[in-house]
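Trainee: Output the structure for:
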Amino acid sequence: MKRILPLLGLALLCLPAMASQQVDLGLNSDALRLVYTYGMRDKPLLFDGGWMYHSDNGNVVHVGINLSDVASSGSKELVGGLGGRVAWQKGDLSNQDGVAFPIGGFLMYTPRRFNRFTLGVAAYYAPDVLSVGDSKKYQDYTLRFAYNVMRQADIYVGARYVRGDYKKAPDAYYDTGMHIGMTLRF
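Mentor: Predicted structure coming up:
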């Protein structure tokens, strides 16, 4: 964790002027995830940094980059992104840590007629070949249904599955269930 936080701070300071930023907070009774996302002004790039905490199973810190754009012809109903992350995991029960380089992406669908509602899905996966240290495999899957409360804020309900597999210890389930949350844009 001491090595990852300075890198995250340096990445945030080196980014050029941003057109959009958002903070996302999702939680349930056992887990909390906080993600800060930056959108480039003149390029379709999204940078993000996040922290997930599970009260019994440990922490995950990540930084990521996605190429993001409209994924449907002519309308902004479907937005997608493809990219990757660097995810540092520390399993409390296993007393092991490792770094994974998951690849994946996301899709967000907002129907034109019901534009206050958004359905989103994200998937990031790192097999053994993209994992170092004690890490053997990393999976991060999210499904959410959001309602736009105001132009710059959404509330949502979703399901999340975040798991880290270790070489010589039990797997760590950082989140495996329903969560609620909010997204603030500025």
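
Trainee: what are the ranges of the helices in the protein?
Mentor: Residue ranges of the helices in the chain, as given by DSSP state H, are 4-14.

Trainee: mind listing what's buried in the biggest strand by length in it?
Mentor: Of all the segments assigned as strand in the chain under DSSP state E, the longest by residue count is strand 135-150. Neighbour-count burial for strand 135-150, counted by 16 or more other Cβ atoms under 10 Å, picks out 135-142, 144, 146, 148. Backbone N, C-alpha and C define where each C-beta goes, glycine included.

Trainee: go on, stretch 73-84?
Mentor: By neighbour count, and taking 16+ other Cβ under 10 Å as the criterion, the buried residues in stretch 73-84 are 77, 79-81, 83-84.

Trainee: So what's the gap between that stretch and the chain middle?
Mentor: 16 Å (Cα atoms, centre = their mean, to the nearest Å).

Trainee: how far does that stretch stretch from start to finish?
Mentor: From the first residue to the last, stretch 73-84 extends over 25 Å; the measure is Cα to Cα, to the nearest Å.

Trainee: which residues touch it?
Mentor: Contacts of stretch 73-84 with the rest of the structure, by Cβ atoms under 8 Å, 6 or more residues apart in numbering, involve 46, 64-72, 101-112, 124.

Trainee: Return the members of those classed as buried.
Mentor: The neighbour count (16+ other Cβ under 10 Å) marks 46, 64-66, 68, 71, 101-102, 104-106, 108, 110, 124 as buried among the contacts of stretch 73-84.

Trainee: can you tell me which residues contact S72?
Mentor: S72 makes contact with L78 under the criterion Cβ under 8 Å, 6+ apart.

Trainee: How about P127?
Mentor: The contact partners of P127, by Cβ under 8 Å, 6+ apart, come to K137.

Trainee: same deal with A100?
Mentor: Remark: with contacts taken as Cβ under 8 Å, 6+ apart, A100 is in contact with 86-87, 89, 126, 130-132, 135, 137-138, 164.
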